[in-house]
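**Student:** Here is the input, now give the coordinates:
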Amino acid sequence: MSLINCYRLVSILLTTIAVLGFATPKAQASLLVASNATNSVLEYDEITGAFIKTFISSGSGGLKEPLDLTFGPDGNLYVVSRATDSILKYNGTTGEFINAFVQSGSGGLKNPIDLDFGSDGNLYVSNSGLNGGFGEPAPINNSANNVLKYNGTTGEFINAFVPSGGGGLKIPTGMRFGKDGNLYVNSRDTNSVLVYDKTTGNLIKTIIPSNNGEVDVPTGLTFGEDGTLYVSSLNTHSVLKNDGTMGTFLNTFVFPGSGGLIAPIGLAFGKDGNLYISSLGSNSILKYDKTTSNFISVFVPSGINAPLAPTGLVFSPTS
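**Tutor:** Okay, the predicted model is just below:
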């Protein structure tokens with residue numbers, strides 16, 4: 001056989017393999033859930049909810065009481081380690097510990113709750129200053145109570161992006177950058193949501209006013225594809241929906257206790273567009289229809305291989 005014919009044969013074989021789908025193995029699409037009580041992060045199939053493996057083993061890298069978690073621009077996973085006042089970094093594919101990205105107490109970090117990367121590539125962390133969990137009373141003369149900004153590459157402290165008590169902030173919990181680039185922050189003790197300028201950190205507006213009767217201890221916060229704002233209300237076991245621009249109340253998206261929801265924390269929309277909620281009080285992940293808000297299923301049931309006290313949840317970028 002001539003050399004040219006050999007090349008042709010190899011080309012035909014490679015084309016056939018590619019057509020059959022054997023050329024490149026597909027990455028496992030998954031949902032990652034912080035298991036607060038076991039100091040670990042668990043991985044589940046994003047379609048079926050079946051347990052895949054323990055993505056981050058208990059205590060890896062010093063992880064203690066994980067809350068929120070997010071993938072960074074570099075593809076790695078960043079996890080709030082509440083009890084060690086730090087942000088830990090893990091390989092986004094293997095879950096292997098890389099480093100303490102934000103060192104314990106850096107910049108005055110005390111009981112961090114949530115985190116998100118801004119459009120500038122830097123990391124922002126809600127710094128509650130509490131001495132315990134979501135329901136703990138605020139300490140007297142709290143010097144934290146702010147949002148801290150860290151270099152997105154090195155983890156070095158930059159500044160208090162939102163100063164202590166800025167704009168009436170009182171115990172920040174869940175937070176996310178909106179489609180407008182600005183930062184939306186839950187203020188736990190005023191049951192409100194505040195919006196801060198993406199560049200200056202100055203208060204722009206209060207999108208959900210204080211003690212509005214809709215939210216009782218806001219925890220998680222996320223946005224739908226259309227920019228609609230969703231807030232989990234811990235004490236009413238529900239999720240509220242607002243227009244995301246003016247803060248106009250639209251409806252109770254998930255009614256109190258629907259599907260067995262108890263003390264909702266994390267919120268995340270899946271590839272299917274439906275809303276997934278970590279139910280802290282039932283040790284499960286629940287799934288709700290994106291359009292009707294009807295309860296669909298217990299996506300991850302309590303029991304063996306279930307998260308204990310689930311908090312943050314995130315779908316992998318390969319999903």
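**Student:** Now for Lys205, how many residues are close by?
**Tutor:** Lys205 has 14 neighbours, counted by other Cβ atoms under 10 Å. All C-beta spots, glycine's among them, are computed from the backbone N, C-alpha and C.
**Student:** my guess is Leu240 contacts Thr248, does it?
**Tutor:** No. Using Cβ atoms under 8 Å, Leu240 is not in contact with Thr248, being 11.5 Å away.
**Student:** of these two, who's got more company?
**Tutor:** Set side by side, Leu240 and Thr248 show unequal neighbour counts under other Cβ under 10 Å, the larger going to Leu240 at 23 against 11.
**Student:** Can you list the low-confidence ranges for the stretch 101-250 of the chain?
**Tutor:** Where the stretch 101-250 of the chain drops to pLDDT under 70, the residues are 133-135, 140-141.
**Student:** which parts of stretch 127-146 are buried?
**Tutor:** Neighbour counts using 16 or more other Cβ atoms under 10 Å place 127-130, 133-134, 138-139, 142, 144-146 of stretch 127-146 among the buried residues.
**Student:** which element is Pro137 on?
**Tutor:** For Pro137, there is no enclosing helix or strand under DSSP states H and E.
**Student:** For it, give its distance to Ala83.
**Tutor:** 18 Å (Cβ to Cβ, to the nearest Å).
**Student:** what sits against the nearest residue to Glu136 once chain neighbours are set aside?
**Tutor:** Counting by Cβ to Cβ, 6 or more residues apart in numbering, Leu130 is the residue found nearest to Glu136 once chain neighbours are left out, at 4.8 Å. Leu130 makes contact with 110-111, 136, 138-139, 171, according to Cβ atoms under 8 Å, 6 or more residues apart in numbering.
**Student:** secondary structure element for Leu130?
**Tutor:** Leu130 belongs to no helix or strand, assigned by DSSP H and E.
**Student:** all helices for this structure, in order.
**Tutor:** Counting by DSSP state H, the chain has helices at residues 3-19.
**Student:** Please name the residues that touch Leu313.
**Tutor:** 31-34, 69, 266-268, 276, 278, 285.
**Student:** Just the closest of those residues to Gly167, please.
**Tutor:** Gly167 lies nearest to Leu267 out of these, by Cβ to Cβ, at 23.0 Å.
**Student:** Report pLDDT for the closest one.
**Tutor:** Note on Leu267: pLDDT of 98.
**Student:** Look up the residues forming beta bridges with it.
**Tutor:** Ile277 (DSSP bridges).
**Student:** Next one: it relative to Val298, how far apart?
**Tutor:** Separation of Leu267 from Val298 (Cβ to Cβ): 16 Å.
**Student:** Compare these two (neighbour count), which wins?
**Tutor:** Neighbour count, other Cβ under 10 Å: between Leu267 and Val298, Leu267 has more, with 24 against 17.
**Student:** Name all residues that make contact with that one.
**Tutor:** With the criterion set at Cβ under 8 Å, 6+ apart, Leu267 makes contact with 174, 220-222, 230, 232, 239, 275-277, 313.
**Student:** can you rerun that using 6 Å?
**Tutor:** 220, 222, 230, 232, 277 (Cβ atoms under 6 Å, 6 or more residues apart in numbering).
**Student:** List the residues that contact the last one.
**Tutor:** Shown in contact with Ile277 (Cβ under 6 Å, 6+ apart): 264, 267, 286.
**Student:** Mind doing that once more with 7 Å?
**Tutor:** By Cβ atoms under 7 Å, 6 or more residues apart in numbering, the contact list for Ile277 reads 232, 239, 254, 261, 264, 266-267, 286, 288.
**Student:** before we move on, back to that, could the buried residues of stretch 127-146 be laid out in a markdown table, adding distance to Asp116?
**Tutor:** A markdown table is the format used below for these (distance: Cβ to Cβ, whole Å):
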| residue | distance to Asp116 |
| --- | --- |
| Asn127 | 13 |
| Ser128 | 15 |
| Gly129 | 19 |
| Leu130 | 19 |
| Gly133 | 20 |
| Phe134 | 18 |
| Ala138 | 22 |
| Pro139 | 25 |
| Asn142 | 22 |
| Ala144 | 18 |
| Asn145 | 18 |
| Asn146 | 15 |
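**Student:** which pair in those spans the largest distance?
**Tutor:** Gly133 and Asn146 (19.0 Å).
**Student:** rewinding a little: got the contacts of Ile277 as CSV, with distance to Thr94 columns?
**Tutor:** Converted to CSV, these look like this (distance: Cβ to Cβ, whole Å):
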residue, distance to Thr94
Ser232, 30
Val239, 33
Val254, 34
Leu261, 33
Pro264, 30
Gly266, 23
Leu267, 26
Leu286, 28
Tyr288, 31
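**Student:** Looking at these, which are in strands?
**Tutor:** Cross-referencing these against strands under DSSP state E gives 232, 239, 254, 264, 266-267, 286, 288.
**Student:** tell me which of those residues is nearest to Tyr90?
**Tutor:** Using Cβ to Cβ, Gly266 is the member of those that sits closest to Tyr90, with 17.5 Å.
**Student:** Make sure the closest one is actually in contact with Ser278.
**Tutor:** Yes. Using Cβ atoms under 7 Å, Gly266 is in contact with Ser278, at 4.0 Å.
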